[in-house]
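S.K.: predicted model and sequence follow; I will ask about them next.
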Amino acid sequence: MSERESQVHVTLSTVAHRAGVSLATASRALNGTSRVRDDLRSRVRAAADQLGYIPNAHAQALASASSNTVGVVCHDVGDPYFAAVSAGVMRAAAARDLLVVLASTFREPAREIAYVSALRAQRARAILLIGSGFQDRAWERALAAELDPYVRAGGRVAVLSRHRSLRADAVLPDNRGGAAALARTLVARGHREFGVLTGPPALTTVHDRLSGFRQELEAAGIALPPGRVVRGPFTRDGGYAAARTLLARGERPTCVFAVTDVMAVGALAAFRELGVRVPEDISLAGFDDIPLVRELSPPLTTVALPLAAMGQQVMGLALREPRGPRSRLVRVGGEVVLRESVTDAR
């Protein structure tokens, strides 16, 4: 079997590594943008041909966008969190007669850079980056290499739910504070034995929510043993698997915190399958307040964020006039909403 035939799922990162260039350079070379030396462009294209790399069709669609387009790059539009935020973005765009092109990265850093490069090449009016950043300095540098020239040329960038490693207007939910407030609420209900279902540690949102929750427990004199923290994908299936793993480890906590509502939905399914009742046997809480969780049985306790409003805010920041010399930060607080999935500890 040839190398081309064996590398069915070749990524942009693989091409960049083979060519000996950065992700940003590989992206620009393959998207046909300027500012790439001829020798580098030739190396990248040769590597792509050797590996059988096929550019993502969604990225190609972005590249055909017109200048009245706002590009929204999020982690996964199928996730109700991003769907709710994107609805707010689209509402704000419609009021300005702008077209929104929506792309899902599925939490692949290289894919985000490729989409940004495509939008930049077509001179999109604004680029919105929705969702947690990654604790990865190489990724930060590669993304900045795309965004900085775009902004200098008059492009607009705004981000939501990521740290200010980028020089851009930002809407920043208080993930750490919201998780701390939830911990205080659960402790006040008598809980002392906790489990946490969390996501990939490289995501800043995961780090902030877990840190806020853990630190508040420590302030109350409550330890969170490493074995009670289970990591999984930021998905329903990830929450389902993490919940089963947690229970399989032995002593059952009285309360479980899933760092996203989507993971909590999966955990609820796992508990039900295993005959563990919520909240009679174990209390369960999430974070975000996606619309679905109000309809669960039982309805989910969570930290509510104004998701659609956040989408409107990030669009407003990207298009604000006059644009000042400094980036703006809009902080958004979360509110603990107690529902039937949590009861007093017994």
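M.R.: Received, thanks. Residues are numbered from 1 along each chain as shown.

S.K.: what about residue 296, how many residues close to it?
M.R.: When neighbours are defined as other C-beta atoms under 10 Å, residue 296 has 19 of them. Backbone N, C-alpha and C define where each C-beta goes, glycine included.

S.K.: where are the low-confidence patches of the stretch 51-200 of the chain?
M.R.: 54-67, 163-165 (pLDDT under 70).

S.K.: list the contacts of residue 142.
M.R.: Residues in contact with residue 142 (C-beta atoms under 8 Å, 6 or more residues apart in numbering) are 22, 23, 24, 113.

S.K.: my read is the last one is in a helix, agree?
M.R.: What that stands for is residue 113. Yes. Counting by DSSP: H, G, I helix; E, B strand; the rest coil, residue 113 is part of a helix.

S.K.: isn't residue 258 up against residue 286?
M.R.: Yes. With contact defined as C-beta atoms under 8 Å, residue 258 counts as touching residue 286 (5.0 Å).

S.K.: returning to what we had before: secondary structure, distance to residue 50 and neighbour count added to the contacts of residue 142, as TSV?
M.R.: Output for these, formatted as TSV (DSSP: H, G, I helix; E, B strand; the rest coil; distance: C-beta to C-beta, whole Å; neighbours: other C-beta atoms under 10 Å):
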residue	secondary structure	distance to residue 50	neighbour count
22	coil	19	16
23	helix	18	26
24	helix	21	24
113	helix	21	27
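
S.K.: which of these lies closest to residue 318?
M.R.: Proximity of the contacts of residue 142 to residue 318 was ranked by C-beta to C-beta; the top entry is residue 113 with 18.9 Å.

S.K.: thinking again about what came up before, need the contacts of residue 142 in JSON lines (columns: distance to residue 194).
M.R.: Shown next, in JSON lines, are these (distance: C-beta to C-beta, whole Å):
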{"residue": "22", "distance to residue 194": "42"}
{"residue": "23", "distance to residue 194": "39"}
{"residue": "24", "distance to residue 194": "42"}
{"residue": "113", "distance to residue 194": "37"}
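
S.K.: tell me the two of the residues you listed that are most distant?
M.R.: The most distant members of those, if one measures by C-beta to C-beta, are 22 and 113, lying 9.3 Å apart.

S.K.: which parts of this protein belong to which domain?
M.R.: 1-55, 175-306 (automatic domain parsing).
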